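Asker: What follows is a predicted protein model with its sequence.
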Amino acid sequence: MYRVLLVDDHPVVITACRWLLNEAGIGALTAAHDAESAYAAYLRDPPDVAIVDLRLRGDDLGGIGLIERMRSHDPRPRILVFSMLGDPRIVRSAIEAGASGYLLKDAPPQELPKALEQVRAGGTYLDPQLAMRIALLRKEADGTEATSLTPRERQALALLAEAKSYQAIADHLGISYKTVINLTYRLRQKLGARSLPDLVRLAVEMSRPGL
């Protein structure tokens, strides 16, 4: 059991999160509806982990400012962003502000306790839907060929980052083992990987939120 501060201005979200965390046996939840009351609650009774929406009353991205204030008080805050905003530039801004994780609100319900525990334990978490978008944004900025990847190649790359075997990737995507080999070869060519281990290393690096 541990203490959670939830910052969100939608009562239905607060109610749903409280139920999910109770079901997971995670602990006590304190709710705040805006940045000012949230920061006051954070100072009054520092939580083990905070869940912060980015859109708060009166400020479209007020959650980012709140995260920065929390970080100025504690250089190592444990903060999970829980938002509908999936723009990779916004995600990176939240991570750079001090968030340790980012979960989309349309994720499966079981992902919230999982992401929260991962962040509370000192790790990082990035919604699987976002990992490849951020990777492609970074590669685009670097001027590489990642933006030319097909949707199927992006799926395969994301699975490689999870250390999936060729057969597991084939089963997951509903394609043949030989097709996976061909996909991997094309990924190596497009991303400049010298070998399969090099490609897996690159895929893992591309999926890290802090990069």
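Answerer: Good, I have the coordinates.

Asker: Please pull out the lowest mean pLDDT helix or strand from the protein.
Answerer: helix 128-142 (a mean of 61; mean pLDDT, DSSP states H and E).

Asker: buried set for whatever helix or strand comes next after it?
Answerer: Sequence-wise, the next helix or strand downstream of helix 128-142 (DSSP states H and E) is helix 151-161. Neighbour counts over helix 151-161 (16 or more other Cβ atoms under 10 Å) mark 153-161 as buried. No exception for glycine: its C-beta is placed from N, CA and C like everyone else's.

Asker: need the residues you listed in CSV with distance to R89 and pLDDT, can you?
Answerer: As requested, these are exported to CSV (distance: Cβ to Cβ, whole Å; pLDDT from 0 to 100):
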residue, distance to R89, pLDDT
E153, 23, 85
R154, 18, 82
Q155, 22, 84
A156, 25, 86
L157, 21, 82
A158, 20, 82
L159, 25, 84
L160, 25, 81
A161, 21, 75
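
Asker: For the residue nearest the centre of the chain, give me the pLDDT.
Answerer: Most central in the chain under Cα atoms, centre = their mean is L126, positioned 1.9 Å from the mean C-alpha point. pLDDT recorded at L126 is 81.

Asker: my read: it touches S100, true?
Answerer: No: with contacts counted by Cβ atoms under 8 Å, L126 stays clear of S100, the gap being 9.8 Å.

Asker: Count the residues that sit near the closest residue to T124 other than its chain neighbours.
Answerer: Counting by Cβ to Cβ, 6 or more residues apart in numbering, T124 lies nearest to S100, which is 5.2 Å off, once chain neighbours are set aside. By other Cβ atoms under 10 Å, 27 other residues sit near S100.

Asker: Can you list phi and psi of S100 for me?
Answerer: phi -100, psi -10 (degrees, to the nearest 10).

Asker: same deal with the one 5 residues further on?
Answerer: Here is the backbone geometry of K105 (degrees, to the nearest 10): phi -70, psi -20.

Asker: The nearest residue to it once chain neighbours are set aside: neighbouring residues, count only.
Answerer: With Cβ to Cβ, 6+ apart as the criterion, K105 has its nearest non-adjacent residue at 4.9 Å, and that residue is M84. For M84, the tally of surrounding residues (other Cβ under 10 Å) stands at 10.

Asker: cool, and G98?
Answerer: 20.

Asker: L43 contacts D74, correct?
Answerer: No: contact criterion Cβ under 8 Å: L43 and D74 do not qualify, at 9.9 Å.

Asker: Outline the domain layout of the protein.
Answerer: Domains of the chain are assigned by automatic domain parsing as 4-126, 130-207.

Asker: Deepest in the core, which of the ones you listed is it.
Answerer: Compared across the domains of the chain, domain 4-126 shows the largest average neighbour count, a mean of 18 (mean count of other Cβ atoms under 10 Å).

Asker: Sweet, I'm off.
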